[in-house]
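Engineer: how would this look folded up:
(2 chains)
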Amino acid sequence: QQQVKQSPQSLIVQKGGISIINCAYENTAFDYFPWYQQFPGKGPALLIAIRPDVSEKKEGRFTISFNKSAKQFSLHIMDSQPGDSATYFCAAISPMNTGFQKLVFGTGTRLLVSP
Amino acid sequence: DSGVTQTPKHLITATGQRVTLRCSPRSGDLSVYWYQQSLDQGLQFLIHYYNGEERAKGNILERFSAQQFPDLHSELNLSSLELGDSALYFCASSADGRLNYGYTFGSGTRLTVV
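Structural biologist: Residues are numbered from 1 along each chain as shown, chains lettered A, B, ... in the order given. The predicted structure is shown next:
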């Protein structure tokens, strides 16, 4: 219930191509869905996020598509660049009975954009 | 620089030993979260402190403990270390407990248990 399933585990895309990473969840209590980007030796950094009442959010070359009925969401990176090579994590924010929230992460996708 | 400072960056220690990882949150942030990142488990939530008080526990082993001090820095104590404890340990901070308003990670401490 607390899991977020992410695929693929790794992805190789040519420069200029579209990178697509998919995530699925079960817990309908999740109420916010961020994506994080992590470069080697660094902590995850917030990339883009979406609320479940929105079907799509776009920020520059990054787009989240959200399908509430299917409990699935995905990250699309348009015109992928070598500098996008990183590990991407989908996540979901889970409210806790303490009144606070916690992040539940997917297992990550290692993206390599070839020049 | 994310504003969240973790020390040390790297730590190598032997099985059975005890280590302390330190985290200084961004200025003004009251919440500190600890996460463990291992190759096969992804990022696992360990524990959350808000303004000095423990607020939530995740998959934290009994051999691990944490605290948040009056100056809001936090320490994660790992004892009776096992090989399987080798991982990256991240802390993150937020202004309060509401992650929607920003949740910033430090660069992590890489722990290697030999």
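
Engineer: Am I right that residue A:90 sits in a strand?
Structural biologist: Yes - counting by DSSP: H, G, I helix; E, B strand; the rest coil, residue A:90 falls inside a strand.

Engineer: wait, it sits on residue A:73?
Structural biologist: Yes - the pair residue A:90 / residue A:73 is scored as a contact, 6.8 Å apart, by Cβ atoms under 8 Å. The way it works is simple: take the backbone N, C-alpha and C, and place the C-beta from them, glycine included.

Engineer: got any residues that touch both of those two?
Structural biologist: Each of A:23, A:33 lies in contact with both residue A:90 and residue A:73 under the rule Cβ atoms under 8 Å, 6 or more residues apart in numbering or on different chains.

Engineer: So for these two, which residue has more residues nearby?
Structural biologist: Between residue A:90 and residue A:73, counted using other Cβ atoms under 10 Å in any protein chain shown, residue A:90 has the larger neighbour count: 28 against 25.

Engineer: where does the chain dip in pLDDT?
Structural biologist: Picked chain A for this. Chain A contains residues with pLDDT under 70 at A:1-2.

Engineer: I was after chain B.
Structural biologist: Ranges of chain B meeting pLDDT under 70: B:40-41, B:97-102.

Engineer: One more pass at 50, please.
Structural biologist: Under the criterion pLDDT under 50, no range of chain B is flagged.

Engineer: what number of residues lie near residue 17?
Structural biologist: Since you didn't name a chain, this refers to chain A. By other Cβ under 10 Å, 14 other residues sit near residue A:17.

Engineer: please go with chain B instead
Structural biologist: 13.

Engineer: ok, for residue B:49, nearest residue in space, not its chain neighbours?
Structural biologist: residue B:68 (3.8 Å; Cβ to Cβ, 6 or more residues apart in numbering or on different chains).

Engineer: no wait, residue A:77
Structural biologist: Once flanking residues are discounted, residue A:77 sits nearest to residue A:19: 4.0 Å by Cβ to Cβ, 6+ apart.

Engineer: Quickly note the distance from that neighbour to chain B.
Structural biologist: 19 Å (Cβ to the nearest Cβ, to the nearest Å).
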